[in-house]
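Engineer: Quick one, structure for this:
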Amino acid sequence: RDVPRRQRGQAERGRGERGKPAVAGADTLEFSFSHSRESAVIAVATSAVGVDAEHDRRARRPVQTAQRIFHPDTAATLTALPPHSRTAAFLAAWTQREAHVKAVGGGLFHTADALPFDPALPADGAPRLVPDRVSGEPWSVAHFAPAAASFACVVVRGELHALHFHHHATLPFDSGGKDR
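Structural biologist: Below you'll find the predicted structure:
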């Protein structure tokens, strides 16, 4: 117990800019983590990265929530969809929004919804380059399904050259909260 974490092979945690979790002393390493029900996703990169996962659920009032949380373009896109398509599109947009917020830090209501959302893009894990609405800076966005009936998105600042998926058996755990 008295052995420092670093000597036991554990990383020291800290906070980066805007409150984003960081690994102390690893200035060139970024990470993000999310879980929903039995799925857990971790993203690691050498530039700003965020990941979010959601289990498929009935979104309550997706149009009203979209108008409050998303950029007006994204809200209009979701509103224009047929009602039976809105929940899946809302959850895909939500995971993208949350992943971007995690990548830049600052919180949902303090970070601009800067990445355009396209509900026609498949959840195939292929990264697509998307320009930030505010700065024009490129971000790589990849939507995927880590498990049946789930949605996830990873966003990385800049061009993503490699994206690797590793599937591990589900282990029961109680983190005491949804995301970290």
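Engineer: Tell me the buried residues in the longest helix along the chain?
Structural biologist: Counting by DSSP state H, the longest helix found in the chain is helix 83-104. Buried positions in helix 83-104, judged by neighbour count with 16 or more other Cβ atoms under 10 Å: 86-104. The C-beta positions use only the backbone N, C-alpha and C, and glycine is treated the same way.
Engineer: And that helix, what does it pack against?
Structural biologist: strand 30-36, strand 49-55, helix 62-69, helix 72-80, strand 138-144, strand 150-157 (3 or more Cβ pairs under 8 Å, 6 or more residues apart in numbering; DSSP states H and E).
Engineer: Can you check what angle separates that helix from strand 49-55?
Structural biologist: With axes from the mean of the first three to the mean of the last three Cα atoms, to 10 degrees as the basis, helix 83-104 and strand 49-55 are set at 150 degrees to each other.
Engineer: got the buried residues for the next helix-or-strand element following helix 83-104?
Structural biologist: Next along the chain after helix 83-104, taking DSSP states H and E as the criterion, comes strand 128-131. Using 16+ other Cβ under 10 Å as the burial criterion, the residues of strand 128-131 that qualify are Val130.
Engineer: Can I get strand 128-131 in PDB, CA atoms only?
Structural biologist: Extracted in PDB, the C-alpha atoms of strand 128-131 (Å, rounded to 0.1, in the frame of the first residue of the first chain):
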ATOM      1  CA  ARG A 128     -14.600  10.500 -41.800                       C
ATOM      2  CA  LEU A 129     -12.900  13.800 -41.800                       C
ATOM      3  CA  VAL A 130     -15.300  16.600 -40.700                       C
ATOM      4  CA  PRO A 131     -14.500  20.300 -40.400                       C
END
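Engineer: for the record, mean pLDDT for it?
Structural biologist: What strand 128-131 shows for mean pLDDT is 95.
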